[in-house]
Every structure is written in structure tokens, then in C-alpha cells.
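1. what would the 3D arrangement of this be:
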Amino acid sequence: MVPSLIWDEGSGGLGNSGISGNHLAVLDSNIDAIVRQIQDQLVEKLARHLIQWNFGWQNDWGKFERQPYSDPQFLLSRASSLVTAMSTQIIPNTDLDAINRLREDLGVAPISQEELLSLVKLQSVLAEGSSKLES
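-> Sure thing, here's the model as predicted:
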């Protein structure tokens, strides 16, 4: 049974909004647990037998890869915090891990160290060019 506040998320007063958010988190964790159980059973009862029949006994029968559900509001908040931290230099603009986390939150592919270095060089060239134009 699903608590009614899950379907009313954000539409009630402040108290209801907090409770419905908690109910939604509980529902999400329950759904996640059920999905993991189904995946484990599929590996154990189907994939393991097929792999064993075709390739023999294995130490690892594999697993399902899936993207966990991420709350868009949480991703927006984290991306905003990263942008603020990078613009105020709390986190350096050249921190590859922070840049790739931000890119991941925005749904953009990560970049390599070489790509980052070429972008930094390009920014410095553009900054020099704009300062020459102003003078």
C-alpha cells in the first residue's frame, strides 16, 4: 500500500511536503530492494545455469548494471553548489574530479586530463586576446 502523501508531494502545506518527501524516499528504497532481489534471482536461476552449461563453473556469475534513480532537485542543488564552489575558487577550476562530477550531474560525458589542459590553454589565449582588444 502506498501512502497517499506520496502522490500529493509538494501540493500540501510545509508539514505535508516534508512527510511526503520521506514517504517517497521510503517507497524508492523499497522499490530498489525489490529490483535487486529480482536481479539476484534472475542471475541465480537463469543466467548461472546458462553460463555453467556453456562455459562451465565460474567464480563470478555476473550482475546487472543499472543507473540508480537520482532526484532531479538533488542533482540541480549539487550542480549549483559545485558551480558556486568553483567560481569562488573553493574548488579549483582545474579539479578534474569536480568538473566530471558536475558534467555527470548535467548529463554530459566526462572529459580527460588532456582535454582539460587544452581547455585551460584555450581560455588563457582567449583572455589574452580580449585584453589586447580592450587596450
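2. please count neighbours and contacts with C-alpha atoms only from this point.
-> Noted.
3. do you know how far D60 is from A33?
-> 21 Å (Cα to Cα, to the nearest Å).
4. then V26?
-> Taking Cα to Cα, one finds V26 at 11 Å from A33.
5. quick revisit: neighbour count for D60 and A33, which is higher?
-> A33 (12 against 7; other Cα atoms under 10 Å).
6. three-state assignment of the more buried one?
-> Three-state assignment for A33 (DSSP: H, G, I helix; E, B strand; the rest coil): helix.
7. now do the same contact list for the most centrally placed residue in the chain.
-> Nearest to the mean C-alpha position of the chain, by Cα atoms, centre = their mean, lies D105 at 5.5 Å. D105 sits next to 75-76, 78-79 when contact means Cα atoms under 8 Å, 6 or more residues apart in numbering.
8. now do the domain split for this protein, please.
-> 4-55, 72-134 (automatic domain parsing).
9. and the ones you listed as CSV, adding distance to E65?
-> Output for those, formatted as CSV (distance: least, Cα to Cα, whole Å):
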stretch, distance to E65
domain 4-55, 10
domain 72-134, 17
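10. contacting residues for L82?
-> 91, 98, 102.
11. gap between stretch 47-56 and the chain center?
-> How far stretch 47-56 lies from its chain's middle: 33 Å, per Cα atoms, centre = their mean, to the nearest Å.
12. actually stretch 123-133, sorry about that
-> Worked out by Cα atoms, centre = their mean, stretch 123-133 lies 35 Å from the chain centre.
13. average pLDDT for it, rounded please.
-> Summarised as a single mean, pLDDT over stretch 123-133 is 77.
14. please save the CA atoms from it in CSV.
-> Only the C-alpha atoms of stretch 123-133 are listed here, as CSV (Å, rounded to 0.1, in the frame of the first residue of the first chain):
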residue,chain,number,x,y,z
GLN,A,123,40.8,30.1,-22.0
SER,A,124,44.1,31.7,-21.4
VAL,A,125,44.5,32.5,-25.1
LEU,A,126,41.0,34.0,-25.3
ALA,A,127,41.7,36.0,-22.1
GLU,A,128,44.9,37.4,-23.7
GLY,A,129,43.1,38.3,-26.9
SER,A,130,40.2,40.1,-25.1
SER,A,131,42.7,42.1,-23.0
LYS,A,132,44.5,43.2,-26.2
LEU,A,133,41.2,44.3,-27.8
